[in-house]
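> here is my input, please return the structure:
(3 chains)
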Amino acid sequence: MSPSPGQIPQCPAALAVPLRALPLAPLTLALTAFSRGIARRHPGLFRRLGDYGHTRFVLDPTDLPFVIELEPNGGAPRVRLTRGKGQGAARIAGPLAALLGLVHGAYDGDALFFSRDLVIEGDTSAALALRNAIDDSELDLAQEIARHCGPLQAPLHQLVARLERQSGVSLTRRDEALAW
Amino acid sequence: MVMEIVCPAGTPASLRAAVTAGAHTVYCGFADETNARNFPGLNFDRAEMREGIGFAHAHGARVLVAINTFPRAGDEALWHRAVADAESCGADAVILADLGLLDHAARHHPGLRRHLSVQAAAANADALNFYAESFGVKRVVLPRVLSVPEIAAINAETAVETEVFVFGGLCVMAEGRCSLSSFATGRSPNMNGVCSPASHVAYHDAGGVLDARLGGYTIHRVGKDEPAPYPTLCKGCFSAGEKTGHLFEDPVSLNAEQLIPQLHKAGVTALKIEGRQRSRSYVAQVVRNFRAAVDALEAGKPLPEGMLARLSEGQAMTTGAYRKTWR
Amino acid sequence: MDLTVGPLQFFWSADRWSAFHAGLASAPVDRVVLGELVCSKRLPFFQDRIPEAIATLVAAGKEVALTSLALVTLKRERKATADLAAMGLAVEVNDLTALAHLPEGTPFWVGPMVNVYNEGTIAWLARRGATRICLPPELPLESVAQLARAGAEHGVAIEVWGHGRLPLAISGRCYHARMHGRTKDNCQFACEDDPDGLDVKTLDGQRFLAMNGVQTLSDSHACAAHQVEALAEAGVDALRLSPQSRGFDRICRMYRQRLDGDLCPDRMVEELGRIDAGMQLSDGFLTGQRGADWSGARQPDARPLDA
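Numbering: from 1, shown residues only, chains lettered A, B, ... in the order given. Take a look at the predicted model:
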């Protein structure tokens, strides 16, 4: 499971480049609403952050032209997309696939860090708390998105499964027994 | 009897993953200073502990609660409460290190099984028997300073069960006897349940050269694309005399998978996996490998080929003190 | 408060060992712990000198105890530990293995390598026969005060690490041997070249630790010059001074004067600098944020702290 450098899929430039022109404000609103839904369904995640429940994190998908500022805000999270470096007490940077894989239990955070697929700057302790809290919450982002899609849930699942197979990016929660 | 696999669980999700993957036993701790992996975002509150133990028991697995830091003077009540709560949550045993706490547990919770933590550094048969006689300790986790023949010699002279580390992080120093971390950061394994804490770690990336500092001391410096081990003090790169390098230990982790048959012959009861700070998927993977190994041993089949190298820290493995040349 | 000289942590030649202990007879200290703490392989080199040193020190009115090893693993180490009990002197327990060999009720001392962090542990050790406990060096002053009260309650004298490189860790592995590319069994006594341990620096050249065979120490010398009044106030009974190769006799006298109120901390630090201008001091375990901190305005070499 500790992927050697180069094993983690990079977001292709053909996809990343058009994102540069993407207006971030609507995405910011959508992501904040999305994260509040997660907060309602996974209160333990925010409880587990303990002292870091009000810390601002910068999640930096290095293969995308923006960063995500995440404030847990004691369980009523705020998410903001921004260009540039972003501001926060702790930064977790890596390819989008690494960040998603971490959330879905496809990768082990320590291993990604040792292999330098993941870089942590700033308050290491806060970054660890976030990682541990997310690992415990057994999130499935595709499942979370599907909740908002009503009758489109089934086709969405099929689409996600196909994308996952083709891209090698972990888009759903892995069954631990099958991970890696 | 099949060797018992004892697995770490830093979170309820890890506990479930470990049990589902075939762990005989899981060890975990409360989310405070009473346990030696007091890391941000880890460990169990009381309700989670009760639920986790229930889950394990329903699947035929045991849960050990580590209360293995040394109670702070004036605050022993916090540790006493942890022992009482472990018992009421249904723990199968507590893992203790402190003399005063062992004495307390033996007197006030006689029905609760007591294991001696590696933090007590009991490294010979006299010490094991002493803890058994004084506090009714049933099992001792041996410090990672012993060779396999030494472990065999200990087991020949004691009725106490022994548990040894087989995989994960490796302390080079006798555990529970080390204050390197508090010298550099003020936070120690014995008092705070942390070693080389993340709160005192700072990384500095300058043109691809990554410095890792702990409490202001440079512990590692690695070039672009080199593996970046966590700045654990005893695995740092230092200079002394004419030498510069990993003077205490390389950034390796322990893997004694291939020594399982010898450890079995040496009379070891249980094999312990380190890593309460690792992810649930890591725990599940390691557990499956070790469970397969002990099941193969029990069935008289050859051990499965080592599969765990890629899980390790910095990708390098050692069998540590189990082979005498390590010293 | 009075003064205890702890066991020599380093490997010195037998002659140097004898001369050092003979010299302590006239030092203004109240008790001496001797014997081998760190590595059992060193003991045969000076073992036959021990009885004479004991006789000299006892004749000079010192209380004397014999230390156990800090980490007992091998058969011969267990035997040596068992034999300590038969020497007719107090044993200073630095690994609980020694306690296993002391008949219940035999009075004993407890050294700084035993984890005594709380009242419950003191109470248990006192019931078992402990009369004197030197606390682990990493304890902060607040804990020391609590434990001094517990000690008084149980009739146990409480000692605190007063001076010397701090024993930070003990291992099964010999770092001196490893550095020279040898195994522990074939160490060729590499640690003998470093009578105060070998300095270990960071990649930036910052002084940090010292290696001493299987032991790891601080680079800095702990120095409780600034805490003497607070420790006395807390009810601490003794300061422990750990032997070093240079100026130890003067160090003993300085601490005696400091306890008697005849020497102020700043003057004392200056004098320590005359013994060894390169000596770094620390007292952070007692009153700082971390062990390496120093509460004094200056280090002995008179450079500002952060230089």
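
> could you measure from the residue in chain B sticking out farthest from the centre over to B:Arg213?
The outermost residue of chain B relative to its centre, with distances by CA atoms, centre = their mean, is B:Gly207 at 36.3 Å. Per CB to CB, to the nearest Å, B:Gly207 is found 17 Å from B:Arg213. For the C-beta atoms, the positions are set from N, CA and C on the backbone; glycine is no exception.

> ditto for B:Gly241
Counting by CB to CB - B:Gly241 and B:Arg213 are separated by 23 Å.

> between those two, which has more neighbouring residues?
B:Arg213 (19 against 15; other CB atoms under 10 Å in any protein chain shown).

> okay, and the beta partners of that one?
B:Ala202, B:Thr218 (DSSP bridges).

> pretty sure it sits against B:Gly236.
No. Assessed by CB atoms under 8 Å, B:Arg213 is found out of contact with B:Gly236, at 10.0 Å.

> can you list residues touching both of those two?
Residues within reach of B:Arg213 and of B:Gly236 at once, by CB atoms under 8 Å, 6 or more residues apart in numbering or on different chains, are B:Ile219.

> who's in contact with the residue of the stretch 201-327 of chain B found nearest chain C?
With CB to the nearest CB, the shortest gap between the stretch 201-327 of chain B and chain C falls at B:Arg327, namely 3.9 Å. By CB under 8 Å, 6+ apart, the contact set of B:Arg327 is B:321, C:172-174, C:177, C:183-185.

> find the nearest non-adjacent residue to it, please.
Take B:Arg327 and drop its neighbours on the chain: the residue closest to it by CB to CB, 6 or more residues apart in numbering or on different chains is C:Lys184, 3.9 Å away.

> any idea how many residues pack against the one you found?
C:Lys184: 21 neighbours (other CB under 10 Å).

> need the three-state assignment for C:Trp109.
strand (DSSP: H, G, I helix; E, B strand; the rest coil).

> what sits opposite it in the beta ladder?
Bridge pairing for C:Trp109 - DSSP bridges - gives C:Glu92, C:Arg132.

> do you know how far it is from A:Leu130?
In terms of CB to CB, C:Trp109 sits 48 Å off from A:Leu130.

> and for C:Pro28?
Per CB to CB, C:Pro28 is found 57 Å from A:Leu130.

> more neighbours, the two?
A:Leu130 (26 against 15).

> surely B:Gly236 is in contact with B:His246?
Yes. With contact defined as CB under 8 Å, B:Gly236 counts as touching B:His246 (7.2 Å).

> between the two, which is the more surrounded one?
With neighbours defined as other CB under 10 Å, B:Gly236 and B:His246 compare such that B:Gly236 has more, 28 against 17.

> would you list the phi and psi of the more buried one?
phi -80, psi 170 (degrees, to the nearest 10).

> show the pLDDT at it.
For B:Gly236, the pLDDT comes out at 94.

> what score does the residue lying closest to it once chain neighbours are set aside have for pLDDT?
Among residues not flanking B:Gly236 along the chain, B:Ile219 sits closest, at 3.7 Å (CB to CB, 6+ apart). For B:Ile219, the pLDDT comes out at 94.
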